[in-house]
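Student: Based on what follows, work out the 3D shape:
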Amino acid sequence: MPDTQPVFRQGRGEEYAVYTGQVSASFAPGLAGITYPDPLYEIYRPRGDHYVFEYVISGTGHVRQDGESVTVAAGDAYILQPGRCHHYYSDTEDPWTKIWFNVGGSLVRHLLSDYRLENVLKIPAFADSSHLFAIFHAIEKEPVRSGGELALLLHRHVQALSGFLGSEACGQSRALAMKNFIEQNASRPLTIDDIAGCVPLSRSRAIHLFREAYGMTPYRYYLSLRLALSQSLLERTAMPIQEIANRLGFMDYRHFSGFFRKETGVSPSCYRKGHGRPAEPGRGACEMQGCGGGTAGWQGQEAGKIFE
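Tutor: Got it, this is the predicted structure:
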């Protein structure tokens, strides 16, 4: 991808509505459109000169603004800001259909600031395309005289985005997104920042929403899944414990054993023996009576992590 040259690949199937009326420094409507599935669709602007409001109707796409990258799917909305690098493109396996509106002006900046959306990229599971469709049809119908109506419709769209982000439904959808992310990544090392970043939310807000929805912190849920995976592998397979530790992304056997003891009170070997599996050669007698205690090394390695 070039660093300085814009790229516009918009080939197979877009509908446009072009505003041709009066514009000003405060409000400058541009294009509205509907993009239909095209695996080659790609837009790259080294420095965008307008706001972009988009909503994904179906399929999947990928959006990058400066250093922040998100994947968006059906029901998601996103906002791109002027003065930043815009790069967004359709997923080649599941190309998106989306509706969008490009607009400039200080009115838009003030709206986003007033509704605390100036630093928001993705609004997941928003599930409301009505205002963007109304904007598209208003420009189609009155490309010259629809400026006032477009300002009102954009205000309503921004208001709806802000209201949704503060709603209980949004909180639940974000908690579910974190839960799904944890379940998909339980076999690899994660921090609370990784989990909060998938939404994205601050660490404290992510913890609050997840606890409200599921009665525990996201990191506690992550640890419970890792324990369940560990127990299943110990019970159902003859896989060496070192290999289990490797598969689950632990630094080494001692790290895994310390985690397992802290969660269950027994070592992995003792647990395996108690569930009818023979102890590994060299790890007999429940690791030389190591079932109790012995977690100091693990706790020391984990001291820098925040579990809550």
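Student: where does the protein have its least confident helix or strand?
Tutor: helix 296-302 (a mean of 38; mean pLDDT, DSSP states H and E).
Student: Which strand or helix spans Leu225?
Tutor: Per DSSP states H and E, Leu225 falls inside helix 218-236.
Student: Whichever helix or strand comes after that helix - contacts with which helices or strands?
Tutor: Next helix or strand after helix 218-236 toward the C-terminus (DSSP H and E): helix 241-247. Contacts defined by 3 or more C-beta pairs under 8 Å, 6 or more residues apart in numbering; DSSP states H and E place helix 241-247 against helix 218-236, helix 253-264, helix 268-274. C-beta coordinates here come from the backbone N, C-alpha and C atoms, glycine included.
Student: And the average pLDDT for helix 241-247 is what?
Tutor: Averaged across helix 241-247, the pLDDT comes to 92.
Student: from the chain's centre, how far out does that helix sit?
Tutor: For helix 241-247, the separation from the chain centroid amounts to 29 Å (computed by C-alpha atoms, centre = their mean, to the nearest Å).
Student: ok, residues contacting it?
Tutor: 187, 230, 233-234, 239, 252-253, 255-257, 268-269, 272, 280, 283 (C-beta atoms under 8 Å, 6 or more residues apart in numbering).
Student: In the stretch 101-250 of the chain, mark out all the strands, start to finish.
Tutor: Listed in chain order, the strands of the stretch 101-250 of the chain (DSSP state E, counting those that start in this stretch) span 122-123.
Student: rewinding a little: report the buried members of the contacts of helix 241-247.
Tutor: Buried subset of these (neighbour count, 16 or more other C-beta atoms under 10 Å): Ser230, Leu233, Leu234, Tyr253, His255, Phe256, Ser257, Pro268, Ser269, Arg272, Glu280, Arg283.
Student: just those now: which is nearest Leu40?
Tutor: When the buried ones among the contacts of helix 241-247 are compared for distance to Leu40 (C-beta to C-beta), Leu233 wins out at 42.7 Å.
Student: any idea how far the closest residue to that closest one other than its chain neighbours is from Leu225?
Tutor: The spatial neighbour of Leu233 that comes closest, neighbours along the chain excluded (C-beta to C-beta, 6 or more residues apart in numbering), is Ile244 at 4.8 Å. Distance, Ile244 to Leu225, by C-beta to C-beta, to the nearest Å: 15 Å.
Student: Between the two, which is the more surrounded one?
Tutor: Ile244 (21 against 16; other C-beta atoms under 10 Å).
Student: quick one: low-confidence parts of the stretch 201-308 of the chain?
Tutor: 276-308 (pLDDT under 70).
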